[in-house]
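Enquirer: A predicted structure for the sequence below; I have some questions about it.
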Amino acid sequence: MVTKLMTYHRRPSSTTTASAAPGTATATSSASDWGLLLIRLTFGLLMAGHGAQKLFGIFGGKGLAETGKGFAALGYQPGKLFAAIGGLSEFLGGLGLALGLLTPLAAAALIGVMVNAMATVTGGHGLWETDGGVEYSVCIAVVALGITATGPGRLAVDRFFRWGTGGWPQAAFALGLGGIAAAITLSL
């Protein structure tokens, strides 16, 4: 029964064994699945926490009203609305990445926020985080895109869906939607 359920979801040879019938995957997870889970949980939960700082004022955050004032100072008007959009993008995108749920959309949300952060906050400070540069934002965007391209792994909710195996179309969707959302936001 398990083999039958796993048949429709083929993974690369890292999750199959030589003794498995062609076109089937074993019911066991591989080190790459656990590695992807570790990456997804780390980056996803940290981003969700970062968004929660903006939205709810927890984890040392200032909350929506104060964050909105900061966004307004950066030129986002109305600041509170853009703070809510940014906070929700980080919070929901982070949770989606952590769970491996709607991974291309979660990645798009994180990529869009990171492009905005680079364009308005860190871009003028160079590359390195020690100088206030784009290093951190680039890392988050690339990890989100990379997970979308490779797929979130077997230990993800998306394993049941067509986009759960990753690929070029999913990565292009995430990058394109994140880029378009960032461009629209920056043009307002």
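Expert: Okay, I see it.
Enquirer: Which neighbouring elements make contact with the strand or helix carrying Val115?
Expert: Assigned by DSSP states H and E, Val115 belongs to helix 103-117. When contacts are defined as 3 or more Cβ pairs under 8 Å, 6 or more residues apart in numbering; DSSP states H and E, helix 103-117 sits against helix 79-99, helix 135-150, helix 168-187. (Glycine included, C-beta is placed from N, CA and C.)
Enquirer: so which of those helices gets nearest Ala52?
Expert: Of all those, it is helix 79-99 that lies closest to Ala52, at 5.7 Å by Cβ to Cβ.
Enquirer: after the lowest-mean-pLDDT helix or strand in the chain comes which helix or strand?
Expert: Every helix and strand in the chain was compared by mean pLDDT, DSSP states H and E; the lowest is helix 2-7, with a mean of 38. The helix or strand immediately downstream of helix 2-7 is helix 31-56, counting by DSSP H and E.
Enquirer: Now do that next one against helix 103-117, angle only.
Expert: 50 degrees (axes from the mean of the first three to the mean of the last three Cα atoms, to 10 degrees).
Enquirer: so what does the helix or strand following helix 31-56 touch, helix or strand wise?
Expert: Using DSSP H and E, the next helix or strand after helix 31-56 towards the C-terminus is helix 63-73. If contacts are counted by 3+ Cβ pairs under 8 Å, 6+ apart, helix 63-73 sits against helix 31-56, helix 79-99.
Enquirer: what about the protein, any weak spots by pLDDT?
Expert: Low-confidence segments of the chain (pLDDT under 70): 1-27.
Enquirer: Just want the most central residue of it.
Expert: When Cα atoms, centre = their mean is applied to the chain, the residue found nearest the centroid is Ala107 (3.4 Å).
Enquirer: list the contacts for it?
Expert: Counting by Cβ atoms under 8 Å, 6 or more residues apart in numbering, Ala107 makes contact with 93, 97, 144-145, 147-148, 174, 178.
Enquirer: Same question for Thr120.
Expert: Contacts of Thr120 (Cβ under 8 Å, 6+ apart): 74-76, 186.
Enquirer: Any chance of TSV for these, columns distance to Phe56?
Expert: Formatted as TSV, the contacts of Thr120 follow (distance: Cβ to Cβ, whole Å):
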residue	distance to Phe56
Leu74	21
Gly75	24
Tyr76	19
Leu186	26
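Enquirer: which of those sit farthest apart?
Expert: The widest separation within the contacts of Thr120 (Cβ to Cβ) is 10.7 Å, between Leu74 and Leu186.
Enquirer: For Ile111, see how far away Ile85 is.
Expert: Distance of Ile85 to Ile111, given as Cβ to Cβ, to the nearest Å: 14 Å.
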